[in-house]
Every structure is written in structure tokens, then in C-alpha cells.
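Engineer: Would you be able to build a 3D model of this:
(one chain, ligands or ions: 1)
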Amino acid sequence: MSPVPYSIYIHVPFCRQACSYCDFYFITRQELIPAYTEALIRDIRSSADTFVDGLTLQPMCSESAAEKSRNPSTQKVRERRPHPSDQQLENTPVSHTPEAQLSKPYLSSVYFGGGTPSRLPARTIERILETIHRHHGLDSVQEITMEANPDDLTSLQAVRDLKNAGVTRLSMGVQSFNPDLLQFMNRAHSARQAEQSLDFIQQADFKTYTVDLIYGNPGQTLRQLETDIKTFLSWNPPHISAYALTIEPGTRLGKALQLGRLTEPDDHEVARHMQLTVNLLADAGLHRYEVSNFALPGHEAVHNSSYWNHTSYLGIGPGAHGLQLRSTPDGRLTGALRWSNPADVRAYIQMHKEKTSTRREFTHGTETEILSPTQLAEERLLMGLRTSDGVQTGELLERYGYQLSEKQLRYLEKMRSEGYFHPLSDTKFTTREAEQRLPAAEGGPAEVEQRLGEVADNPSEVKQDPESSQLLRLTDAGLALADRLTLELLS
Ligand code: SF4
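Structural biologist: Numbers count the residues shown, from 1 in each chain. Prediction:
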């Protein structure tokens with residue numbers, strides 16, 4: 001059995017102030033940080049074994065059982081079992097069952113998201129990473145990302161401290177350098193602070209980092225956006241995440257919209273913003289490897305890519321989500337467990353309060369949902385078609401037992417003729433051979449397509465053959481409509 005990668009997401013729900021567009025879970029009461037940190041550490045200690053064991057033990061549900069849970073959408077599962085004490089956990093290295101040792105689950109990435117993780121002192125980040133190392137091991141980890149805001153990285157020493165704590169990649173919430181837009185978004189930092197923080201990141205010699213940009217703001221002109229992007233590019237960032245502003249109900253902007261105090265830019269204007277962004281970033285060598293993510297070759301996000309490729313992840317902290325995939329020894333999925341922790345810091349602190357608490361199920365106190373292989377395959381299509389790598393039909397068949405219907409193949413052909421999908425290309429290899437010959441990390445989409453073999457001249461004649469694999473991949477025009485096209489494909 002091949003090694004099973006998984007990742008850890010830590011939610012840090014503290015922010016200096018509320019940005020006007022934000023609907024993430026966070027609070028501004030920083031005095032809860034110490035109690036939150038202790039709860040987090042206890043959660044990491046107590047959930048590790050049960051999460052890792054579940055990655056390697058055998059099927060959780062049959063397809064038919066999982067299908068039954070499809071609707072109603074959630075099957076609530078609450079499990080409890082007695083385990084060693086917290087102190088024992090702290091002093092004992094993680095041990096796995098013989099089955100677990102055979103399949104070698106390993107931690108591939110850690111991500112601190114929020115909220116604003118840079119509200120935590122570097123020493124706290126270090127302590128959290130030490131705990132993760134003790135219970136999961138950091139030796140195989142390729143990336144430790146931390147989201148940070150410029151108003152927290154106000155000195156070179158502050159950035160160096162994070163690097164020394166073990167963070168390998170910073171994700172900077174800059175959004176814009178335009179003072180009016182920063183004010184409109186109610187960001188806590190100034191343009192000057194954003195510039196300084198990027199200088200510090202370069203001086204601290206972070207090999208990789210990413211910067212967030214928001215376009216499509218009401219009243220924002222193309223010229224303003226161009227100035228913003230060129231300012232971003234003056235640091236030669238290896239990665240940029242660019243998002244269109246979305247106005248959610250319940251946010252400050254949502255309320256302003258409801259009261260008629262704000263007018264959203266129309267879709268055509270937002271599309272022009274997106275196209276300008278894509279063009280300028282491409283000119284700077286940042287390729288669009290996911291709808292909203294652009295990177296220099298070799299700087300694609302490991303952690304986020306693992307979500308798009310459907311890897312298990314342990315979500316820790318209030319409001320965090322997790323996913324545990326269950327597979328047979330030959331790698332075929334039998335289902336998955338998804339859970340979400342209550343978005344309530346106080347409840348989270350209370351839940352993990354007892355110092356003598358026992359080892360716990362990682363879903364302790366949360367609501368869970370069981371997903372069938374079919375649901376997972378559809379998710380994989382939704383996420384994979386947002387990426388420039390696309391999705392192999394062979395992977396859908398081998399991993400999820402999912403085969404495209406004639407109706408779906410006809411839809412793909414129609415969308416291909418309209419320029420939204422690349423031609424279906426028949427690999428001529430069995431999918432196992434294809435996996436061995438085409439590791440995802442090698443080469444960009446062009447190279448992959450070239451190596452996939454001859455592009456079919458008449459894709460309507462291409463049928464899904466269990467012995468071959470076809471690459472489903474959106475064109476640039478298709479990527480702009482990725483979610484709609486995929487939903488139509490699945491309808
Ligand atoms: S810093 Fe991030 S999480 Fe906090 S309010 Fe602003 S957008 Fe939301």
C-alpha cells in the first residue's frame with residue numbers, strides 16, 4: 001500500500017478588527033488567546049491517534065450504506081471511547097496499529113488560517129508546532145503556511161521570529177495598496193505597513209510566500225487595479241491569490257448593499273478586472289494553476305493543492321473543518337468523514353478544558369457527515385476542474401469507482417466545441433501506467449497534454465474505457481466559468 005498523506009489546518013479566530021467584507025469566523029477579544037492556545041494544544045494531543053488510525057483502518061461504510069446517507073445530507077455521528085490521560089499522551093510517542101504502519105500515513109503540510117494567525121506570538125506558534133511534531137511528526141512536511149496581516153509584521157525581527165518558529169511560507173493579507181480601498185475594506189493596515197512587511201519578508205529570506213489581492217471593488221477603475229497589481233509585482237512575489245470581492249449578507253458591505261448605499265460592479269466589469277489580473281500576472285511569469293491562484297513554477301501551494309486533490313486533513317480549532325478519507329489497501333475510496341468544529345471560541349475552550357481529559361475522537365463535540373464515493377467523485381470534479389491540471393477520468397474510475405455517463409460525455413463535447421474544455425485526450429495507457437508516467441508535479445499543462453498522447457480529432461467518438469484515461473481540463477475561457485460549468489456537468 002502506498003503512503004497516505006494528510007495535512008493539518010489550525011484555525012486561529014482572532015482579528016484586530018472586522019474587515020467590511022468578511023464572513024469568516026473570528027472575534028476581536030484578544031484576551032481569550034491564552035485559554036484558546038491551551039485548548040488547541042490539548043486538542044492536538046488528544047485527537048492525533050484517532051485521526052491517524054482512521055486513515056488506515058479498513059472501510060467505514062459500503063457504497064450502499066454511504067448512498068443512504070446522501071439525503072438527508074448529514075448522518076450525525078457522535079462517538080466516545082475511553083483512552084489514556086492527557087499526561088500520558090504528552091509523554092508517549094504516537095504509536096500506530098500494524099495496519100497503520102503498513103500504510104505509512106504521513107503529515108505533508110500544516111496551515112495556520114483564520115482569523116489572523118499572526119495575532120499569536122511566535123513562541124505560541126512554535127509551541128503548537130512542537131506539539132504537532134510530537135504527535136504527528138514534522139519530518140515529512142513540505143510546507144508550514146501561516147496567514148499574516150501587515151499590521152502584525154511591523155519589524156524584521158517579528159518576521160524572523162516566525163521563520164525561526166518553523167513557518168516556511170507566509171500568506172500575506174494585503175488586498176490592495178490603494179488607501180481609499182483599504183479604508184473601504186476596513187483593513188487594519190496602511191499601504192506603508194503592507195510595503196514594509198513585504199520588505200521584511202524578503203529580508204528574512206522567506207523562500208516562498210503569497211500575497212492576497214482583491215479586485216472588482218465598487219468604483220475601482222481598471223487603471224487603479226493595474227497600479228495595484230504593478231505595485232504587488234514590484235516585490236516579484238512567487239505566488240499571488242487574487243479574488244473578486246464578494247459581498248455576503250450579514251457583513252458590513254452586505255448591510256450597505258441592502259440599504260442601497262452601495263452598488264456592486266456588474267459582471268462584465270468584474271470579468272474585465274479578472275482578465276487584466278490574469279494578463280498582468282501571466283506577463284510576470286505567474287501561471288494560473290487554479291482559478292484564483294497564480295504562481296511561479298515550483299511555488300504552487302502544497303496545502304491548498306492537497307484540498308483540490310482530495311487529501312485527508314485534520315481541522316483543529318473553533319470553526320475548523322476536517323476530512324478523513326477511508327480507502328481499501330489498493331487505494332479505492334470507501335467513503336469519508338467530514339466534520340466541522342463549533343464556531344465558538346468559548347465553547348471550544350470549555351470542550352477542551354479538563355487538564356486530565358482522555359484521548360478523544362477527533363470529532364469530539366462536533367457534527368459529522370458521511371460522504372459516499374460518488375459524492376467524493378463529484379467534489380473531486382468540482383475542485384479539480386478549477387485547476388490547470390484538470391481531472392483524469394482514470395482517477396475517477398480507479399479511486400472513486402465513478403464513470404462519466406453518456407449524457408455527461410455529450411455535455412463535455414458540447415462545451416469543448418464552444419471552447420470551454422480542451423479536447424478530451426486519450427492517454428492510451430492504463431491509468432496505473434499513466435499515474436507512474438505522469439506524476440502531477442512534473443511539467444505544466446502543456447507538457448502533460450503532450451505526453452498524454454494524441455489529441456482525439458473527433459472527441460465525440462472518445463468513450464470512457466476502463467483501460468485508458470482521459471484528461472478533463474478547462475480552457476482559460478472555461479476557467480472563468482468553472483463553477484457553473486462543473487455544476488452543469490453534474491446536474
Ligand atoms: S483579517 Fe481576515 S479574517 Fe479577520 S476580519 Fe479581516 S478578512 Fe476577516
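Engineer: Kindly report the residues of the stretch 101-250 of the chain close to the ligand.
Structural biologist: Neighbours of the ligand within the stretch 101-250 of the chain, by C-beta under 6 Å from any ligand atom: Gly114, Gly115, Thr116, Asn149, Gly173. Heads up, the C-betas are built off the backbone N, CA and C, glycines and all.
Engineer: got a list of what the third one touches?
Structural biologist: Spelled out, it's Thr116. Val12, Phe14, Cys15, Arg16, Phe26, Glu147, Ala148, Asn149, Asp152, Gly173 (C-beta atoms under 8 Å, 6 or more residues apart in numbering).
Engineer: Confirm for me that the fourth one is in contact with Gln193.
Structural biologist: Right, Arg16. No - look at Arg16 against Gln193 with C-beta atoms under 8 Å: they stay out of range, at 11.8 Å.
Engineer: Which ones among the residues of the stretch 101-250 of the chain next to the ligand map onto strands?
Structural biologist: Gly114, Gly173 (DSSP state E).
Engineer: any chance of the residues of the stretch 101-250 of the chain next to the ligand in CSV, with pLDDT and distance to Glu38 too?
Structural biologist: Formatted as CSV, those follow (pLDDT from 0 to 100; distance: C-beta to C-beta, whole Å):
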residue, pLDDT, distance to Glu38
Gly114, 94, 18
Gly115, 94, 17
Thr116, 97, 19
Asn149, 98, 24
Gly173, 98, 26
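Engineer: Now do the shared contacts for Arg16 and Gln193.
Structural biologist: Common neighbours of Arg16 and Gln193 (C-beta under 8 Å, 6+ apart) are Asp151.
Engineer: Now do the helix or strand containing Ala158: which elements does it pack against?
Structural biologist: In this structure, Ala158 sits in helix 156-165 according to DSSP states H and E. Judged by 3 or more C-beta pairs under 8 Å, 6 or more residues apart in numbering; DSSP states H and E, helix 156-165 is in contact with helix 122-135, helix 191-203.
Engineer: can you put those helices in JSON lines and add mean pLDDT?
Structural biologist: What follows is the helices and strands packed on helix 156-165, written out as JSON lines (pLDDT from 0 to 100):
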{"stretch": "helix 122-135", "mean pLDDT": "98"}
{"stretch": "helix 191-203", "mean pLDDT": "98"}
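Engineer: Reformat those as CSV; add mean neighbour count.
Structural biologist: Converted to CSV, the helices and strands packed on helix 156-165 look like this (neighbours: other C-beta atoms under 10 Å):
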stretch, mean neighbour count
helix 122-135, 19
helix 191-203, 18
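Engineer: okay if I get these as CSV plus distance to Ser372?
Structural biologist: Converted to CSV, the helices and strands packed on helix 156-165 look like this (distance: least, C-beta to C-beta, whole Å):
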stretch, distance to Ser372
helix 122-135, 30
helix 191-203, 43
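Engineer: of the residues of the stretch 101-250 of the chain next to the ligand, closest to Ser405?
Structural biologist: Nearest to Ser405 among these is Gly114, at 41.0 Å by C-beta to C-beta.
Engineer: The closest one: what's it in contact with?
Structural biologist: Contacts of Gly114 by C-beta under 8 Å, 6+ apart are His11, Val12, Pro13, Phe14, Cys15, Phe24, Phe26, Glu147.
Engineer: Please report how far the residue positioned nearest the centre of the chain lies from the ligand.
Structural biologist: In the chain, the centroid-proximal residue (C-alpha atoms, centre = their mean) is Asn304; its distance is 3.4 Å. From Asn304 across to the ligand, the span is 16 Å (C-beta to the nearest ligand atom, to the nearest Å).
Engineer: so which strand or helix has Glu369?
Structural biologist: Using DSSP H and E, Glu369 falls in strand 367-371.
Engineer: quick one: buried residues of that strand?
Structural biologist: Applying a neighbour-count criterion of 16 or more other C-beta atoms under 10 Å, one finds Thr368, Glu369, Ile370, Leu371 buried in strand 367-371.
Engineer: I'd like the residues you listed as JSON lines, with pLDDT and distance to the ligand appended.
Structural biologist: JSON lines is the format used below for the buried residues of strand 367-371 (pLDDT from 0 to 100; distance: C-beta to the nearest ligand atom, whole Å):
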{"residue": "Thr368", "pLDDT": "85", "distance to the ligand": "25"}
{"residue": "Glu369", "pLDDT": "91", "distance to the ligand": "25"}
{"residue": "Ile370", "pLDDT": "92", "distance to the ligand": "30"}
{"residue": "Leu371", "pLDDT": "94", "distance to the ligand": "27"}
